[in-house]
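# Below is the structure, and that's it, no one-letter string:
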């Protein structure tokens with residue numbers, strides 16, 4: 001089976017879809033990638049002709065678009081090749097009703113199968129036939145290693161506590177202001193904040209393993225990969241109750257949900273720092289192994305092809 005992935009390339013290589021494509025390749029599928037370059041609706045639509053040409057040349061069995069705008073561009077090539085869409089989070093959880101109507105239009109007339117990342121997304125989309133499939137975790141890359149060794153490799157100060165913020169603090173939806181306010185409330189000496197941004201796939205696991213706590217304060221998420229990657233590395237977590245975080249960290253000691261109150265965030269971070277050991281997060285998310293997720297995707301591909 002040959003699959004053409006259509007995804008945004010505006011922020012460089014997308015590690016989430018790349019990992020998903022690699023896991024499918026490991027299962028014997030032929031996966032080809034098309035990266036959309038161009039921001040906004042006009043930028044996306046400018047890719048239609050190039051994408052249609054690639055479809056004609058590659059002749060894939062199925063197209064898998066990641067994010068609603070990618071799915072719209074794919075549909076507007078007017079290809080007869082079946083399309084599967086993965087909605088990612090922001091394109092469902094933070095859009096207007098009119099934008100949801102547009103998504104429903106393409107679901108009805110163009111997209112054969114629809115994937116969402118969490119129960120919350122399915123509820124917000126209000127589409128009964130959507131498949132809930134979170135992004136998987138590559139356990140070959142994300143695994144627990146000795147914390148001291150990770151700190152030494154990164155050159156961090158071993159005498160400090162290190163809080164790892166989940167994203168680029170400049171992205172407004174990630175709500176770094178709340179994290180900053182909570183850290184100010186903590187008022188702990190020898191505390192350093194690190195950021196998960198502009199890192200290689202080699203550096204990412206080291207950051208999770210060296211950190212005392214991952215902090216996520218987003219306003220909304222689908223199924224945040226940073227949570228699953230931190231779990232795979234047994235890193236303590238404090239997160240707002242967004243996406244499927246509650247479900248993923250449930251019952252794992254050293255992982256805490258918080259409201260959007262800075263004092264509560266500070267208290268939960270204090271608890272995570274006092275925990276002062278690694279979690280058993282990796283055991284709790286074995287069902288999210290990329291290889292298992294790949295099998296679920298293949299089932300959906302076959303369903304789309306048989307319609």
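Great, that's in hand. These numbers were taken from a predicted model, which means no experiment stands behind them. Residues are numbered from 1 along each chain as shown.
# in stretch 10-20, what's buried?
Of the residues in stretch 10-20, those buried under the neighbour-count criterion (16 or more other C-beta atoms under 10 Å) are 14-15, 17-20. Where C-beta positions appear, they are placed from N, C-alpha and C, glycine not excepted.
# residues contacting residue 74?
The contact partners of residue 74, by C-beta atoms under 8 Å, 6 or more residues apart in numbering, come to 6, 51, 63, 65, 83.
# Can you verify it is assigned to a strand?
No - with DSSP: H, G, I helix; E, B strand; the rest coil as the criterion, residue 74 is helix rather than part of a strand.
# mind checking how far it is from residue 60?
As defined by C-beta to C-beta, to the nearest Å, residue 74 lies at a distance of 11 Å from residue 60.
# now residue 45
Noted for residue 45: a distance of 21 Å to residue 60, by C-beta to C-beta.
# So which of the two has more stuff around it?
Each of residue 45 and residue 60 had its neighbours counted (other C-beta atoms under 10 Å), and the higher figure belongs to residue 60 (21 against 15).
# wait, that one sits on residue 6?
No - in this structure, residue 60 is not within contact of residue 6 by C-beta atoms under 8 Å, at 10.2 Å.
# What is the end-to-end distance of stretch 270-283?
24 Å (C-alpha to C-alpha, to the nearest Å).
# what about it, distance to the chain center?
Between the centre of stretch 270-283 and the centre of its host chain there is 22 Å, according to C-alpha atoms, centre = their mean, to the nearest Å.
# And that stretch, what's buried?
Under the neighbour-count criterion of 16+ other C-beta under 10 Å, stretch 270-283 has 270-273, 275, 278-279, 281-282 buried.
# What pLDDT does the model give the residue nearest to residue 91 when sequence neighbours are not counted?
With C-beta to C-beta, 6 or more residues apart in numbering as the criterion, residue 91 has its nearest non-adjacent residue at 4.0 Å, and that residue is residue 68. With respect to pLDDT, residue 68 scores 93.
# next one: residue 277
Residue 277 carries a pLDDT score of 94 in this model.
# Mind checking what helix or strand follows the helix or strand hosting residue 98 in sequence?
Assignment of secondary structure by DSSP states H and E places residue 98 within helix 97-109. Elements were assigned by DSSP H and E; along the chain past helix 97-109, the next helix or strand is strand 113-116.
# what pLDDT, on average, does that following strand get?
For strand 113-116, the mean pLDDT works out to 96.
# Which elements pack onto that strand?
Taking 3 or more C-beta pairs under 8 Å, 6 or more residues apart in numbering; DSSP states H and E as the contact definition, the neighbouring helices and strands of strand 113-116 are strand 83-86, helix 119-125, strand 131-132, helix 290-306.
# least reliable of those going by mean pLDDT?
helix 119-125 (a mean of 89).
# thought the residue nearest to residue 91 was touching residue 89?
No - because the distance of 10.5 Å does not satisfy C-beta under 8 Å, residue 68 is recorded as not touching residue 89.
# Mind listing the shared neighbours of the two?
Shared contacts of residue 68 and residue 89, counting by C-beta under 8 Å, 6+ apart, come down to nothing at all.
# For the helix or strand containing residue 183, name the packing helices and strands.
Counting by DSSP H and E, the element that carries residue 183 is helix 176-186. Using 3+ C-beta pairs under 8 Å, 6+ apart as the contact definition, the elements that helix 176-186 packs against are strand 161-165, strand 191-195, helix 262-275.
# so which of those comes closest to residue 299?
Closest approach to residue 299 among the helices and strands packed on helix 176-186 (C-beta to C-beta): strand 161-165, 34.8 Å.
# what sits up against that closest one?
Under the criterion C-beta under 8 Å, 6+ apart, residues 151, 156, 174, 176, 179, 183, 188, 190-196, 207-208, 210-216, 230, 235, 269, 273 lie in contact with strand 161-165.
# If anything else comes up later, I'll come back, but that's it for now.
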